[in-house]
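# here are the coordinates; sequence isn't available:
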């Protein structure tokens, strides 16, 4: 059986730490070489590839004589600092044998939240791809704090897919895909195609199966939701399956495929909807809600009836109707301290909208 994939020109491949290390916790050079060989084969077929790779912390354990992944932030950062160089050196050796140049790109959440940094990262990745380079992306765990506990790069891979306008995201892990039940406890069927993302609701509580990884099924579910809703199809598959990338791109029904659930929209609006964390909520009346949803209008002060939370000019905020239900998200032109003085009033000459329609996304 084959599956109908979109016309894939640009693919993001995410590989977890458990798929790059052996049972002893050391980096598995054979697996790194196998992955490089598969991506090199895709490059020869004309595809552009971005590799989002975990494994820096795991690679740093052995040189630091750490028997297991530590729990404290300074030790995690030290392991990441040592391990990132080891990881990149392994990739450089493996890809060099296939005459494929690679480039290291280390990102944090802040690089996605700040618009200027986001655009700079987008431009750098686009240029690397145009030059025939395989960008190898990882979180900058050495300086990050919250990011170290950030889903084993699953969400990062989804956000990178948005950033580079990928046609397909492949999440390679130590599982064959999504099953109808826990295969370790029940007789379960591998689900090769999931179109309705509501089927994933019961999988959010999944935990990582290895002490070396930090991402479980819950983080993969979130990554699928983000990528699929932004216009990128997703496949979850086993990293150690034979020639897995070639088989996926040929349409073989391996792993679990989640089709894109919408046509990709404008880059700025995708950034607002999926990258920005809402800092608060602006509440509007019925008339304003109708004008935003049906009329494609900007949000004016006259339609605002209240707010919740502390936010500043330029922050992302949710927009809720009078019943409290959130129906939109956007970038506010007013801080929370200004809302009481302008809500319900007409916009003055030279004044500004609360949220311009170009910075507003209807959810």
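Done, it's in. Predicted model, so just to flag it, every value in this text is computed and none were measured. Residues are numbered from 1 along each chain as shown.
# contacting residues for the residue lying closest to residue 181 once chain neighbours are set aside?
Nearest non-adjacent residue to residue 181, counting by CB to CB, 6 or more residues apart in numbering: residue 188, 4.2 Å away. To be clear about C-beta, it is placed using only N, CA and C from the backbone, and glycine gets the same treatment. Counting by CB atoms under 8 Å, 6 or more residues apart in numbering, residue 188 makes contact with 179-182.
# Show the buried residues in the residues you listed.
Among those, those classed as buried by neighbour count (16 or more other CB atoms under 10 Å) are residue 179.
# In terms of model confidence, name the weakest of the contacts of residue 188.
Least confident by pLDDT among the contacts of residue 188: that is residue 182, with 72.
# Compute the distance between that one and residue 72, please.
Per CB to CB, to the nearest Å, residue 182 is found 32 Å from residue 72.
# Give me the pLDDT value at the nearest residue to residue 286 once chain neighbours are set aside.
Excluding the flanking residues, the one nearest residue 286 by CB to CB, 6+ apart is residue 322, at 6.0 Å. Residue 322 is assigned 94 on the pLDDT scale.
# Name the helix or strand for residue 322, please.
Applying DSSP states H and E as the criterion places residue 322 outside every helix and strand.
# Is it in contact with residue 285, as I believe?
Yes. Residue 322 is in contact with residue 285 according to CB atoms under 8 Å; the separation is 5.9 Å.
# overlap in contacts of these two?
Common neighbours of residue 322 and residue 285 (criterion: CB under 8 Å, 6+ apart): residue 305.
# Between these two, which has more neighbouring residues?
Per other CB atoms under 10 Å, whichever of residue 322 and residue 285 has more neighbours is residue 285, with 17 against 13.
# Look up how far residue 167 lies from the residue nearest to residue 286.
On the measure of CB to CB, residue 322 and residue 167 end up 41 Å apart.
# Kindly report the same for residue 335.
39 Å.
# Check residue 7 too.
Taking CB to CB as the measure, residue 7 falls 7 Å from residue 167.
# What lies in contact with stretch 294-312?
For stretch 294-312, contacts defined as CB under 8 Å, 6+ apart pick out 279-285, 287-289, 291-292, 317, 319, 322, 330, 332, 335-336, 339-340, 342-347, 351, 353-357, 360.
# what sits against the residue nearest in space to the middle of the chain?
The centroid of the chain falls nearest to residue 158 when counting by CA atoms, centre = their mean (2.3 Å). Listed by CB under 8 Å, 6+ apart, the contact partners of residue 158 are 169, 222-224, 226-227, 230, 232, 274.
# For it, which three-state class applies?
Assigned with DSSP: H, G, I helix; E, B strand; the rest coil, residue 158 falls in the helix class.
# can you pull out the helices in the protein?
Remark: helices assigned in the chain by DSSP state H are 29-44, 56-61, 73-96, 109-113, 115-130, 154-163, 217-229, 244-249, 267-270, 286-293, 339-342.
# in the first one, what's buried?
When you say that, I think you mean helix 29-44. The neighbour-count check on helix 29-44 (16+ other CB under 10 Å) flags 31-40, 42-43 as buried.
# what packs against that helix?
Applying 3 or more CB pairs under 8 Å, 6 or more residues apart in numbering; DSSP states H and E, one finds that helix 29-44 makes contact with strand 10-15, strand 48-53, helix 73-96, helix 244-249.
# Tell me the bridge partners for residue 328.
Taking DSSP bridges as the rule, residue 328 bridges to residue 319, residue 362.
# pretty sure it contacts residue 359?
No. Counting by CB under 8 Å, residue 328 stays clear of residue 359, with 10.6 Å between them.
# which one of these two has more residues nearby?
Legend: neighbour count by other CB under 10 Å for residue 328 and residue 359, higher for residue 328 (22 against 19).
# and that one, what does it touch?
Counting by CB under 8 Å, 6+ apart, residue 328 makes contact with 292-293, 318-319, 360-363.
# so how far is residue 125 from it?
Between residue 328 and residue 125 the computed distance is 29 Å (CB to CB).
# And the pLDDT at residue 152?
On the pLDDT scale, residue 152 is placed at 63.
# One more: the one 4 residues further on?
According to the predicted model, the pLDDT of residue 156 comes to 93.
# And the spatially closest residue to residue 301 that is not a sequence neighbour, what's its pLDDT?
In space, and not counting its chain neighbours, residue 301 is closest to residue 342: 4.3 Å by CB to CB, 6+ apart. At residue 342, the pLDDT value in this model is 91.
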